[in-house]
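*Asks:* Any chance you can model this:
(one chain, ligands or ions: 2)
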Amino acid sequence: MIILGIETSCDETAAAVVRGVGNKVEVLSGVVASQIEIHKKYGGVVPEVAARAHVLNILPVVNEALKGVKKINAIAVTVGPGLVTSLLVGVETAKTLAYAWHVPTVAINHIEGHIYANWLRPIRNDKGQMTNVKNKIKFPAIILTVSGGHTMLVLMKGHGKYKVLGETRDDAAGEAFDKAAQLLGTGYPGGPIISQLAARSSQLNKKNSYKLRDMSYEISLPRPMLNDKNFDFSFSGLKTALLYGIQKNKNWKKKIPEYAYEFQQAVAEVLVHKTIKAAKLYGVKNIMLSGGVAANVELRNQLKKAVENKLSGVKLIIPEFKYCTDNAAMVAAAGYFHAKRKNYTAWRKLKTDANLELR
Ligand code: KG4
Ligand code: ZN
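*Replies:* Numbering: from 1, shown residues only. Ligands and ions are numbered 1, 2, ... in the order given. Sure thing, here's the model as predicted:
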């Protein structure tokens, strides 16, 4: 089955074509038109500007993704959550193409799309033959979804069967990275910048001393809700703690990598701790990571180590970097598994929902 995926929920205009066979998904094409350069000067995504850019980009992007593709069986499109004016561009495009081509449509929740990035793994050997995918995904699974808009721990009992165990009560993890970068005056988007700065921190050479000793103050940030019994998160206090920390320190600009390091540690530690706790409680077979913050190397490494050390017989699956941030291949992959179950939504009934929940 060949699926065209369309994604315009935030600031990336994306289209991709995947082929689904059994439980495997193969990416045939993927195009992402990023708007990072457009929004950089505002320090964040400006919804109206994003929607206008989607209008300009969507047809060229879809066209490019369809090059060489003779036939598609269905169109999967992100209907929410996201910026409503951005979502509308993708959804209206999907409706129009479905009407013109007489193909069915599948409505995809953006978070579900991120989850299915974990199914986008190389499935052919050097000779181009389909192989048995190593580490086949088994249920139940726990997925830590961490993006610019969401931070969620999801229990997945099967395709399309989700239970949200916990989520952020305020800022999302990616949003926290973006705001921390803004406080440190280092630019947008914050995640990749904070992680590059952290890699330069002198903390990395001081494995045994967690706090910096060469300063008259300590760089230490809280680990919010680390030991709470629930699976919720909170990152806005962490950002405020960073703000107070730098306000108290006249020389903070000389220690930006150390602040970035400590901030990244604080976020990663809380995320990893709660994911492992949930995996133990629900006796899962797989842990998956998804969303833009899943591109964070420190988070990936900490989670790998924790799974190895604390959970036996549990496999960790992490998407390739290019499928962590917003893309349409993940949407098409989610669409394939819906289409396999004949879970279509008539194009006339496709509706954008900025606050769509994962159910
Ligand atoms: O999933 P995504 O592309 O868009 C949303 O659905 O929100 O995630 C974007 C978020 C941004 O907040 C960005 O700062 C963060 O992902 N991000 C990272 C990294 N790369 C992207 N955060 C931490 N470390 C990274 N390497
Ligand atoms: Zn996203």
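*Asks:* Now do the contacts for whichever residue of the stretch 251-359 of the chain sits closest to ligand 2.
*Replies:* Taking CB to the ion as the measure, the point where the stretch 251-359 of the chain comes nearest ligand 2 is residue 326, at 4.4 Å. C-beta here means a position set from N, CA and C on the backbone, and glycine is covered the same way. Applying CB atoms under 8 Å, 6 or more residues apart in numbering to residue 326 gives the contacts 7, 9, 10, 11, 12, 14, 32, 147, 292.
*Asks:* go on, residue 359?
*Replies:* So residue 359 contacts residue 162 (CB under 8 Å, 6+ apart).
*Asks:* distance between the lowest-mean-pLDDT helix or strand in the chain and the chain's centre?
*Replies:* Ranking every helix and strand in the chain by mean pLDDT, DSSP states H and E puts helix 36-40 at the bottom, with a mean of 86. The chain centre lies 19 Å from the centre of helix 36-40; the measure is CA atoms, centre = their mean, to the nearest Å.
*Asks:* Contacts for whichever helix or strand comes after that helix, please.
*Replies:* Next in sequence after helix 36-40, counting helices and strands by DSSP states H and E, comes helix 47-65. With CB under 8 Å, 6+ apart as the contact definition, helix 47-65 has outside contacts at 4, 6, 8, 10-11, 13-17, 29-33, 35, 38-39, 42, 83-86, 88-90, 93, 97, 328.
*Asks:* next one: stretch 35-42
*Replies:* 11, 12, 13, 45, 46, 49, 50, 53, 187, 188, 189.
*Asks:* so which of these comes closest to ligand 1?
*Replies:* Distances from ligand 1 to the contacts of stretch 35-42, taken as CB to the nearest ligand atom, are shortest for residue 189 (3.9 Å).
*Asks:* quick one: pLDDT of the residue of the stretch 251-359 of the chain closest to ligand 2?
*Replies:* On pLDDT, residue 326 comes in at 96.
*Asks:* Assign a three-state SS to it, would you?
*Replies:* Under DSSP: H, G, I helix; E, B strand; the rest coil, residue 326 falls in the coil class.
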